[in-house]
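[1] Quick one, what's the 3D model for this:
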Amino acid sequence: MFNIGSAFLHTVAFLLWIICLPSAFCGDEKVERFEFSEIAMGVRARIVVYASSEEEARTACKAAFDRIAELENIMSDYRPTSELMRLCASAGAAPVKVSPELLNILERSAEMSRRSDGAFDVTIGPMVRLWRKARQSKVLPSCEEIEAARKLVGWHNIEINPETRMVRLAVPGMQLDLGGIAKGYACDEALRVIRNLGISRALVEMGGDIAVGDPPPGKTGWRIEVANVAKAEHERTFTTNSGVRWEFKSTGQGQKSLVIDGCSNVGISSSGDTEQFIEIDGKRYSHIVDPRSGLGLTNRIAVTIVARDCTTSDSLATTVSVLGEKKGLQFIESFDGVSAYIRRLR
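    Got it, this is the predicted structure:
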């Protein structure tokens, strides 16, 4: 369910395709397009804004990158001093008071876990660590190792008191991994910061997750391109409930990219096993681990989700990858305003 090599990197790399003039008039005000990028959460984070001046754009984007860095210090499972890792260190002991941000993402995670019956589970940390090791050693985890990790996994064992912001991990040795939701949450937060500084036409991209605000000037929405999503041997399924338009664009040599048009004030996320995987003894295992079995996925699936925000699209993309096409589509139908593209190898 989560990345073995990097807790914040999805499988499908996004290419952004924005067809618009570098400057345009918004009402009576002329705005220009500005783009900035930094490395954050293990990927290149990119922000595009339409602003009246470079100073306004730089100020807003700096504040957004600062917010992303703040969230990384809270939610990283690679930094021993992060708030998340300090909470994990207290597993089995007394409750710990957490920040509003960590409380919020744990509550959102618990809701996705409840609705998916455990297909999404941020307590998957012990399993993720096993598969990170397997990726390096090219040796599968033993049945005993997987079973030992499974005993430490279970979203019901996170006890949350929203009123006091106290959180307890009930089982000693529990480890949390927010790799299936944190980047989406960070994109949403960065977009919120930019909007609060007076810029509504903006896009934030981090790996396989994108949050967009109001459309570019003169456009009905942002136009997003997802690279190399379709070949003849792929079976594809669409569901559209969010008002966006899906189309394919030929990129040559039998490859096609997916274009999502009309995106406005939504989140877009991709997840799957088509790029990041390990092959051991002739069998291919995804970087996404099923928290119910403790095994890397073998179903050769890739998912793109459009939802009301990027926190939702990020966690849904991971969940649908684990559930598979049939159950995943049924699960998506329980959410309002969600569209999905699913492809699998025949």
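[2] Quick check: buried residues in the longest strand seen in the chain?
    Using DSSP state E, we find that the single longest strand of the chain is strand 29-40. Residues Val31, Glu32, Arg33, Phe34, Phe36, Ala40 are the ones in strand 29-40 that count as buried (16 or more other Cβ atoms under 10 Å). Just so you know, the C-beta spots here come from the backbone N, C-alpha and C atoms, and that holds for glycine as well.
[3] Least confident of these?
    Lowest pLDDT within the buried residues of strand 29-40 is found at Val31 (93).
[4] Counting by contacts, list what the longest strand of the chain packs against.
    Applying 3 or more Cβ pairs under 8 Å, 6 or more residues apart in numbering; DSSP states H and E, we find strand 29-40 packed against strand 23-26, strand 43-51, helix 54-75.
[5] And the buried residues of strand 29-40, which is closest to Cys61?
    Ranked by distance to Cys61 (Cβ to Cβ), those are led by Phe36 at 4.5 Å.
[6] Low-confidence ranges, the stretch 151-300 of the chain, go.
    By pLDDT under 70, the low-scoring segments of the stretch 151-300 of the chain are 228-242, 253-254, 273-276.
[7] And the helices in it?
    Residue ranges of the helices in the stretch 151-300 of the chain, as given by DSSP state H, counting those that start in this stretch, are 182-196.
[8] Please parse this protein into its domains.
    Using automatic domain parsing, the domain parsing of the chain gives 14-74+181-345, 81-169.
[9] Could you dump the ones you listed into JSON lines with distance to Gln175 added?
    Below are those laid out as JSON lines (distance: least, Cβ to Cβ, whole Å):
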{"stretch": "domain 14-74+181-345", "distance to Gln175": "12"}
{"stretch": "domain 81-169", "distance to Gln175": "3"}
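[10] since we're on Val139, how many residues are nearby?
    12 (other Cβ atoms under 10 Å).
[11] and the gap between it and Lys283?
    Taking Cβ to Cβ, to the nearest Å as the measure, Val139 falls 13 Å from Lys283.
[12] can you check Glu247 too?
    According to Cβ to Cβ, Glu247 stands 35 Å off from Lys283.
[13] Output the below-cut-off pLDDT ranges for the stretch 1-150 of the chain.
    Low-confidence segments of the stretch 1-150 of the chain (pLDDT under 70): 1-29.
[14] and the closest residue to Leu191 other than its chain neighbours, bridged to which residues?
    Among residues not flanking Leu191 along the chain, Ala211 sits closest, at 4.5 Å (Cβ to Cβ, 6 or more residues apart in numbering). Beta-bridge pairing of Ala211 under DSSP bridges involves Val204, Gly267.
[15] contacting residues around Ala211?
    Gly184, Cys187, Asp188, Ala190, Leu191, Leu203, Val204, Val266, Gly267, Ile268, Asp309, Cys310 (Cβ atoms under 8 Å, 6 or more residues apart in numbering).
[16] Mind doing that once more with 7 Å?
    By Cβ atoms under 7 Å, 6 or more residues apart in numbering, the residues touching Ala211 are Cys187, Asp188, Leu191, Val204, Gly267, Cys310.
[17] With respect to Arg58, which of the residues you listed is nearest?
    Using Cβ to Cβ, those come closest to Arg58 at Val204, 15.3 Å.
[18] ok, the closest one touching Val48?
    No: counting by Cβ atoms under 7 Å, Val204 does not reach Val48; the two are 8.2 Å apart.
[19] Could you measure from the closest residue to Pro291 other than its chain neighbours over to Val266?
    Distances taken as Cβ to Cβ, 6+ apart place Asp121 nearest to Pro291, at 3.9 Å, with adjacent residues excluded. Separation of Asp121 from Val266 (Cβ to Cβ): 25 Å.
[20] Quick check on the nearest residue to Asn299 once chain neighbours are set aside: phi, psi?
    Take Asn299 and drop its neighbours on the chain: the residue closest to it by Cβ to Cβ, 6+ apart is Gly324, 5.6 Å away. Gly324 adopts backbone torsions of phi 90, psi 170, taken as degrees, to the nearest 10.
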